[in-house]
Every structure is written in C-alpha cells, then in structure tokens.
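1. Below is the structure, and that's it, no one-letter string:
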C-alpha cells in the first residue's frame, strides 16, 4: 500500500514524535523511509537600517552539522526498529514546497508529518507547513500531533 514514506522534520520534539509514528507504520508495512529536513537560506540581517552581511558559509556549515547530528540520531532509531532510511537536507525558505518536491522526486506515496496545531492569529502570522502541504499535494498525508 505505502511502500515509500516521506517524513519531514524540523528537529522539534513534536516532529520527532511524527518520525516515531512514521517508523512504526513503515515497520508494519515493510516500507522504505525518506526523512527530509528543510532549513532556511541564510540571509543578511538589517540592524537600524544597515545591512549586516553574515558569514553565510559559516552559518551554512553550522546548520549542516546540526542537521547531520540529528540525522545520525534518527538513522540509529530507524536501524533499531529495522526500517531502511534515507536522509535529505534541503535549503529553501518555503519548507512546504521542498517537502512536496522531495515527495515527488522520491516517489513517496505517503507523507507523515507533525502539526504544531497553531490557531488564530499565530496560525495567520506563522502559517502552517502541514496545512500548506495538505493544500498543495495529491499525495496522502498523515498529520501527527
């Protein structure tokens, strides 16, 4: 039924719960898993009208190291339950687009992801990546809370 599951993560505790759910489902179905982590593109800061250029390569390297460490933890978890896993790090300011693109590129037929369940003004201001994925994909999505 679902032989390739995509699990997006932002490294949060809630996202890790969705990873656990995705691993359990993959184990039960004999599915392969792809984990994707989307991080923002480092950008210069504006401080009192002055653009402050940040050392973007250093920032990228630090972010990549943190993501790699998280992937190492998740890969060990997957190995412990016997689920084959592949990890992908994507740099993009629109996580929902990268999640959908990765799902298509990896021929995923299920996306398992967390939702922070924001409501009201915080939902309007911060948006919901899960909502955007649900709105823009034709691939089934299992949303975990």
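-> Good, I have the coordinates. Computed from a prediction, not measured in an experiment: that's the story for all the values here.
2. contacts, neighbours, all on C-alpha from now
-> Noted.
3. the strands in the chain, which residues?
-> 4-9, 32-39, 45-47, 50-52, 85-91, 110-114, 141-144 (DSSP state E).
4. I'd like the ones you listed written out as TSV, with distance to residue 25, mean neighbour count and mean pLDDT added.
-> Listed next are the strands of the chain as TSV, based on distance: least, CA to CA, whole Å; neighbours: other CA atoms under 10 Å; pLDDT from 0 to 100:
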stretch	distance to residue 25	mean neighbour count	mean pLDDT
strand 4-9	9	26	98
strand 32-39	10	22	97
strand 45-47	42	10	70
strand 50-52	46	10	69
strand 85-91	13	16	97
strand 110-114	9	24	96
strand 141-144	11	17	95
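5. so can I have CSV of these showing distance to residue 70?
-> Written out in CSV, the entries for these read as follows (distance: least, CA to CA, whole Å):
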stretch, distance to residue 70
strand 4-9, 10
strand 32-39, 10
strand 45-47, 27
strand 50-52, 29
strand 85-91, 10
strand 110-114, 16
strand 141-144, 20
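6. Nearest to residue 128, out of these?
-> Of all those, the one in closest proximity to residue 128, counting by CA to CA, is strand 110-114 (10.2 Å).
7. so that closest one versus strand 4-9, what angle?
-> Compare the direction of strand 110-114 with that of strand 4-9 by axes from the mean of the first three to the mean of the last three CA atoms, to 10 degrees and you get 20 degrees.
8. partner strands of strand 110-114, parallel or antiparallel?
-> Under the criterion DSSP bridges, strand 110-114 sits next to strand 4-9 (parallel), strand 141-144 (parallel) in its sheet.
9. Am I right that residue 36 is in contact with residue 91?
-> No: with contact defined as CA atoms under 8 Å, residue 36 does not count as touching residue 91 (10.5 Å).
10. which residues touch residue 25?
-> Counting by CA atoms under 8 Å, 6 or more residues apart in numbering, residue 25 touches residue 31.
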